[in-house]
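Chemist: following is a predicted model, sequence given first.
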Amino acid sequence: MNGFSTEEDSRDGPPAAPVYGQSCCLIDDSDRCMRPAGNASFSKRIQKSISQKKLKLDIDKSVRHLYICDFHKNFIQSVRNKRKRKTSDDGADSPEHEMDVPEVDLFQLQVNTLRRYKRHYKLQTRPGLNKAQLAETVSRHFRNIPVNEKETLAYFIYMVKSNKSRLDQKADSSKLE
C-alpha cells in the first residue's frame with residue numbers, strides 16, 4: 001500500500017478508469033497541471049501527507065476525476081519517503097550521519113544465524129534473549145559497522161571478474177603452508 005490506489009477514492013466509491021486525454025487533477029502552486037493523468041488517484045491519505053508536508057498542491061474542484069500524473073505521483077512518494085535523520089546527542093554532523101542507510105531486515109534470519117553473528121563479533125548480551133531481542137542487538141551492531149564503500153565495491157568487482165571467492169583465497173593460503 002503506497003497511498004496511490006485506483007480502488008480508493010476520497011469522494012464517492014471507487015473511481016472509474018482514467019479516460020484517454022484527461023489531465024492531472026492537481027493545481028501546483030496555483031497553476032493547473034496539464035500533464036496527462038496516470039492511473040494513480042488522489043486519496044485522503046495523499047491529501048493528508050500533502051497537508052502535513054505543507055506542499056503547494058491542491059485538487060482542482062472543476063475536474064470530475066481524481067487521477068494525478070506520474071510526475072506528481074513520484075514527487076509525492078519521494079517527499080513521503082524522506083525520513084527525518086537521527087542526530088547524535090553530541091550534535092556531530094559527520095557525513096556518515098547525513099547519508100540515508102538502507103535498512104537490512106535481520107528479523108528474517110534464523111536464530112542460529114543471529115547467534116553465530118553475535119559470537120563472531122563477540123557482542124555482549126544477557127543470556128536467554130529471544131529472537132526479536134537478538135535481532136535488535138545484531139541490527140544495532142550491523143548499522144554501526146564502518147564500511148569503506150569504494151574499497152568494498154572494487155574488491156567485489158575484482159572477485160566477480162576473476163571468478164574467485166573468499167573461500168578460494170583461504171584454500172590457496174592453506175596450500176602454501
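Modeler: Yep, it's here. Since the model is a prediction, treat every value here as computed from it, not as a measurement. Numbers count the residues shown, from 1 in each chain.
Chemist: residues contacting the residue lying closest to Ala37 once chain neighbours are set aside?
Modeler: The shortest distance from Ala37 to any residue other than its chain neighbours is 3.7 Å, reached at Tyr67 (Cβ to Cβ, 6 or more residues apart in numbering). Heads up, the C-betas are built off the backbone N, CA and C, glycines and all. With Cβ atoms under 8 Å, 6 or more residues apart in numbering as the criterion, the residues that contact Tyr67 are 15, 18, 22, 24-25, 37-42.
Chemist: which helix or which strand is home to Ile27?
Modeler: strand 26-28 (DSSP states H and E).
Chemist: pLDDT on that strand, on average?
Modeler: Taken as a whole, strand 26-28 has an average pLDDT of 84.
Chemist: re earlier: quickly list what the residue nearest to Ala37 is bridged to.
Modeler: Using DSSP bridges, the bridge partners assigned to Tyr67 are Ser41.
Chemist: from the contact counts, what lies against the strand holding Ile27?
Modeler: Contact partners of strand 26-28 among helices and strands, from 3 or more Cβ pairs under 8 Å, 6 or more residues apart in numbering; DSSP states H and E: strand 57-59.
Chemist: the strand it packs on pairs with which strands, parallel or anti?
Modeler: Partners of strand 57-59, by DSSP bridges, with direction: strand 26-28 (antiparallel).
Chemist: ok, residues contacting the partner strand?
Modeler: Strand 26-28 is contacted from outside by 32-33, 42, 56-60, 68-69, 72, using Cβ under 8 Å, 6+ apart.
Chemist: likewise for stretch 50-63?
Modeler: Contacting residues not belonging to stretch 50-63 are listed as 22, 25-30, 32, 42, 47, 66, 72, 76, 79-80 [Cβ under 8 Å, 6+ apart].
Chemist: one step back: now the two most distant members of the contacts of strand 26-28.
Modeler: Within these, Lys56 and Cys69 form the most distant pair, 15.8 Å apart (Cβ to Cβ).
Chemist: the two - which one has more neighbours?
Modeler: Counting neighbours by other Cβ atoms under 10 Å for Lys56 and for Cys69 shows that Cys69 has the greater number, 21 against 10.
Chemist: the more buried one contacts Pro36, correct?
Modeler: Yes. If you go by Cβ atoms under 8 Å, Cys69 and Pro36 touch, sitting 6.3 Å apart.
Chemist: distance of the closest residue to Phe107 other than its chain neighbours from Lys118?
Modeler: Nearest residue to Phe107, sequence neighbours excluded (Cβ to Cβ, 6+ apart): Ala135, at 4.7 Å. Plainly put, Ala135 is 10 Å away from Lys118 if you go by Cβ to Cβ, to the nearest Å.
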